[in-house]
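**Q** For reference, the sequence and a predicted model appear below.
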Amino acid sequence: MDLKSVSSSKSFGGYQKVYEHFSPTLQCNMKFGIYLPPGVSETEKCPVLFYLSGLTCTEQNVITKAGFQKFAAQYKIIVVAPDTSPRNCNIPNEDEKWNVGSGASMYVNATEEPWNKHYQMFTYITEELHQLVLNNFPVIQDKISITGHSMGGHGALLCALKYPGRYKSVSLFAPACNISNSPTLIGGLTALVGEEKDILQKWDTTFLVKNYDGPEMEILIHVGSDDEFLTKDLLIDNFVKAANECKDNKIKTKVFLEDGYDHGYYFVSTFIEEHFKYHSSKLSS
Ligand SMILES: N[C@@H](CCC(=O)N[C@@H](CS)C(=O)NCC(=O)O)C(=O)O
C-alpha cells in the first residue's frame, strides 16, 4: 500500500494531512484528509471519527471550512475526511452535473454501466479506507465513530446501519435521510444502481432502519430551519418515524432544528463542537 503525502500542516498542535493512494476498489487515485491530534503515536493511540462530506465536496471542504481541528485536538480524536467519489475515470459526462457522477457517489456500490467499474464507494469507505486507516495510523481499533453532512449524513447512516455495532457513535449534520424520495439525489442514485424500487430501497436509510437489529444506537442530528434542502430532500421526519418503528426501539434519534441556519459550512462549523463533545463522551465510555 503506497500512501503518498500531499500536504501536512500544523494545526492546534497536531497535523492536518492529506494523502493520496491508488484504490483497487475504485480503480483510481483517491485523496483523503486525516487530522492527527497532538501527541498521538504508536504508544499513545486515539479513537477515530470518519466524516463523510456532501454533494460537490472533496476532502478539502470539511478540513478547510468546518473548524474541527481545535476540537479534534482537545478531545484527542483522529478525523478522517475522504473524498466523496472516484474522479478522473474517463466516464462520459462524469463532471457534467453536480448531483450525478463526480462528487455524487451517494456512498453506494454501483451496478449500472458506465459507473460500476469505479463507483464502489460503500465498499471503499467501509472496507478499503477503513482498513487502511486502522493499519497505518495510531488508532484504537475498537473506538470508531462516524459523522457526515447532507449526502454524507446519508453515507454515515448507511455505514452505521449496515455494520451494526462497528461505530460507537453516529452524528449527522443536515442528513439526507430518504434519498430515493429526494428530487435532488434520486437522479444520481438511479444512474448508479438502476430504477428498481427494491434495489433503491436497499440504499435508502429510511427503509433500512426499519429492519435494523444491531445494538442500541443513538443518533445526534442537527439541521437548520433555513436549510434550502430541508423539506424536499433531507426528509429527516421520514427517517425518525421509521426509526421509531424499528424492532425493540433500538434506534433513538435526537434531532435539533436550529433556527435560521442554512445548509452550508457556517452551519456545520457552528455545531461541530457539540458533535465532538458527543462522540468523545461515547468513545470514552
Ligand atoms: N447547488 C450547490 C449545492 C451543493 C451543496 O450545497 N453542497 C453541500 C453539501 S450537500 C456542500 O457541502 N457544499 C460545499 C461547501 O459548502 O463547501 C452547488 O452546486 O454547489
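**A** Alright, I've got the coordinates. This one's a predicted model, so the numbers in the text were calculated from it and none came from an experiment.

**Q** Let's verify Asp248: helix, strand, or coil?
**A** helix (DSSP: H, G, I helix; E, B strand; the rest coil).

**Q** burial of the residue in the stretch 101-250 of the chain that the ligand sits nearest to, as a residue count?
**A** Residue of the stretch 101-250 of the chain nearest the ligand, by C-beta to the nearest ligand atom: Ser150 (3.4 Å). (C-beta placed from N, C-alpha, C; glycine too.) Neighbourhood size, Ser150 [other C-beta atoms under 10 Å]: 28.

**Q** Same question for the one 5 residues further on.
**A** Neighbours of Gly155 under the rule other C-beta under 10 Å: 32.

**Q** Would you mind measuring from the residue in the stretch 1-150 of the chain that the ligand sits nearest to to Gly103?
**A** The minimum distance from the stretch 1-150 of the chain to the ligand, using C-beta to the nearest ligand atom, falls at Gly54 (2.5 Å). Between Gly54 and Gly103 the distance, using C-beta to C-beta, to the nearest Å, works out to 9 Å.

**Q** before we move on, back to that, tell me the SS of the residue of the stretch 1-150 of the chain closest to the ligand?
**A** State at Gly54, reduced to three classes by three-state DSSP: coil.

**Q** Might one say that it is in contact with Leu172?
**A** No. Proximity of Gly54 to Leu172 does not meet the contact threshold set by C-beta atoms under 8 Å, at 10.9 Å.

**Q** Which of these two has more residues huddled nearby?
**A** More crowded of Gly54 and Leu172, by other C-beta under 10 Å: Leu172, with 32 against 27.

**Q** Quick check: the more buried one vs Tyr15, distance?
**A** 27 Å.

**Q** Mind listing the shared neighbours of Gly54 and Gly103?
**A** Common contacts of Gly54 and Gly103 (C-beta atoms under 8 Å, 6 or more residues apart in numbering): Thr84.

**Q** In contact with Asn203, which residues?
**A** Not quite, residue 203 is Trp, not Asn. By C-beta under 8 Å, 6+ apart, the neighbours of Trp203 are Met106, Val108, Leu158, Ile179, Ser180, Leu189, Val193.

**Q** List the contacts of the third one.
**A** Yep, that's Leu158 we're talking about. Neighbouring residues of Leu158 by C-beta under 8 Å, 6+ apart: Tyr107, Val108, Phe122, Trp203, Thr205, Leu208.

**Q** Among those, which lie within helices?
**A** Members of the contacts of Leu158 lying in helices (criterion: DSSP state H): Phe122, Thr205, Leu208.

**Q** among these, who's most crowded?
**A** Thr205 (30 neighbours).

**Q** His279 against Ser169, yeah?
**A** Yes. Using C-beta under 8 Å, His279 is in contact with Ser169, at 4.9 Å.

**Q** any common contacting residues for the two?
**A** Ser145.

**Q** Settle it for me: which of the two has more neighbours?
**A** Set His279 next to Ser169 and count neighbours by other C-beta under 10 Å: His279 wins out with 28 against 24.

**Q** For the stretch 101-250 of the chain, which segments count as helices?
**A** Secondary structure of the stretch 101-250 of the chain by DSSP state H, counting those that start in this stretch: the helices cover 121-123, 130-136, 151-162, 186-193, 197-202, 205-208, 236-244.
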